[in-house]
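K.L.:
Fold the following and give me the result.
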Amino acid sequence: MTQRKPDLRAIDNLQRVYAGQTKVIRDRVEAYAKTQWAAGAYREADMVRFLNRVVPVIKAGGTQMSALTDSYLARTLSLMLGEAVKPQGAINTAALRGVPADEVYKRPFQTVWTSLSEQKPFDAAVSAGKARLVDIVRTDMQLAKTRTSQSVLSRDARVRGFTRDVTGTKTCALCYVASTQIYSRGDLMPIHPGCSCGVSPITNANPFDSQGASDRLESVHTAVENELGISDRGARAPDYRKLVVTKEHGEYGPTLVRAGQHFTGPSSIT
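P.N.:
Residues are numbered from 1 along each chain as shown. All right, here's what the predicted structure looks like:
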């Protein structure tokens with residue numbers, strides 16, 4: 001019997017809808033966290049009130065992101081395989097980093113206190129703390145996506161692997177280069193602060209899209225040139241794969257970085 005070809009247009013549409021829905025979740029959680037950050041002072045008592053208000057919302061957002069990702073992958077695999085694939089359910093997103101959320105969300109306040117101890121202006125210290133808060137929120141929402149994807153795909157023997165889906169609203173050079181790679185189904189997709197990429201499963205019915213990877217090449221050239229200042233359409237130099245490497249982050253696992261970039265210690269953890 002000839003295997004029915006998957007509806008690629010329906011899959012592409014589903015990817016775009018999913019990307020838009022995950023952005024809505026991320027933006028809402030981020031907006032709430034920023035509102036609470038701006039609502040008070042930055043003493044220890046203020047930190048406790050902030051944690052009591054924000055951490056439950058972060059956990060709820062992570063659960064919602066996980067459930068949405070689980071549903072998206074079930075629908076995608078159903079389209080690819082030509083049979084119904086049931087969602088497995090949201091994973092526990094309470095401690096994706098292996099560190100309690102209360103400890104993680106103290107870090108923006110610690111950034112403020114450290115900046116003030118270094119005689120930096122108050123407004124600059126608060127701004128630095130806010131920037132760290134935003135990085136933490138975005139990373140936590142992305143971790144809910146990637147760890148759910150790993151959980152779902154690793155359990156289905158019909159999945160051969162996956163590729164990075166760069167339908168996010170702000171795709172950087174690191175992700176464009178990584179989008180040409182194939183990951184094993186049990187891998188945890190490397191991310192970076194601010195990453196919003198999704199995953200696209202590979203099955204026998206839906207093999208790796210080498211033509212699509214080739215079509216992204218111009219985007220890769222442009223993104224690398226804009227971010228790193230170097231590019232070569234002749235493909236002689238640079239070797240982009242040597243510019244973008246994966247490092248193991250102590251809390252959220254494989255992380256995309258530029259070659260030569262290192263994690264310097266606790267202060268570099270977002």
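
K.L.:
quick one: contacts for residue 84?
P.N.:
Neighbour list for residue 84: residue 78 [criterion: CB atoms under 8 Å, 6 or more residues apart in numbering]. All C-beta atoms are positioned from the backbone trio N, CA, C, and that covers glycine.

K.L.:
ah, wrong one, I meant residue 145
P.N.:
Going by CB under 8 Å, 6+ apart, residue 145 touches 22, 65, 66, 69, 198.

K.L.:
Just give me the closest of those residues to residue 96.
P.N.:
Nearest to residue 96 out of the contacts of residue 145 is residue 66 (CB to CB; 9.4 Å).

K.L.:
about what we covered before: ok, so of the contacts of residue 145, who is nearest residue 116?
P.N.:
residue 65 (33.7 Å).

K.L.:
A helix includes that closest one, no?
P.N.:
Yes - checked against DSSP: H, G, I helix; E, B strand; the rest coil, residue 65 lies within a helix.

K.L.:
Next one: residue 50 from residue 29, what distance?
P.N.:
Separation of residue 50 from residue 29 (CB to CB, to the nearest Å): 14 Å.

K.L.:
residue ranges with poor pLDDT in the stretch 151-270 of the chain?
P.N.:
Across the stretch 151-270 of the chain, the ranges flagged by pLDDT under 70 are 167-173, 206-270.

K.L.:
which ones are touching the residue nearest the centre of the chain?
P.N.:
Nearest to the mean C-alpha position of the chain, by CA atoms, centre = their mean, lies residue 142 at 3.4 Å. Residue 142 makes contact with 191, 195, 196, according to CB under 8 Å, 6+ apart.

K.L.:
Now intersect those residues with the strands, please.
P.N.:
Assignment to strands by DSSP state E places none of those there.

K.L.:
buried subset of the residues you listed?
P.N.:
191, 195, 196 (16 or more other CB atoms under 10 Å).

K.L.:
per-residue confidence at the residue lying closest to the second one once chain neighbours are set aside?
P.N.:
Spatial nearest neighbour of residue 195, excluding adjacent residues (CB to CB, 6 or more residues apart in numbering): residue 142 at 5.3 Å. Residue 142 carries a pLDDT score of 93 in this model.

K.L.:
how far away is residue 142 from residue 40?
P.N.:
Using CB to CB, residue 142 is found at 27 Å from residue 40.

K.L.:
Assumed residue 164 was part of a strand.
P.N.:
Yes - counting by three-state DSSP, residue 164 is part of a strand.

K.L.:
May I have the phi/psi pair for the closest residue to it other than its chain neighbours?
P.N.:
For residue 164, ignoring the flanking residues on the chain, the nearest one in space by CB to CB, 6+ apart is residue 179 at 4.3 Å. With angles defined as degrees, to the nearest 10, residue 179 sits at phi -70, psi -10.

K.L.:
Over to the one 3 residues further on?
P.N.:
Phi and psi for residue 182, reported as degrees, to the nearest 10, are phi -110, psi 130.

K.L.:
wait, doesn't it sit right on residue 161?
P.N.:
Yes - A contact is recorded between residue 182 and residue 161 when judged using CB atoms under 8 Å, the distance being 5.2 Å.

K.L.:
So the residue nearest to the centre of the chain versus residue 11, what's the distance?
P.N.:
Following CB to CB, the distance that separates residue 142 from residue 11 is 22 Å.

K.L.:
Likewise for residue 77?
P.N.:
From residue 77 across to residue 11, the span is 10 Å (CB to CB).

K.L.:
Compare those two (neighbour count), which wins?
P.N.:
Neighbour totals were compared for residue 77 and residue 11, and residue 77 leads with 25 against 18 (other CB atoms under 10 Å).

K.L.:
Having no further points to raise, I will conclude here.
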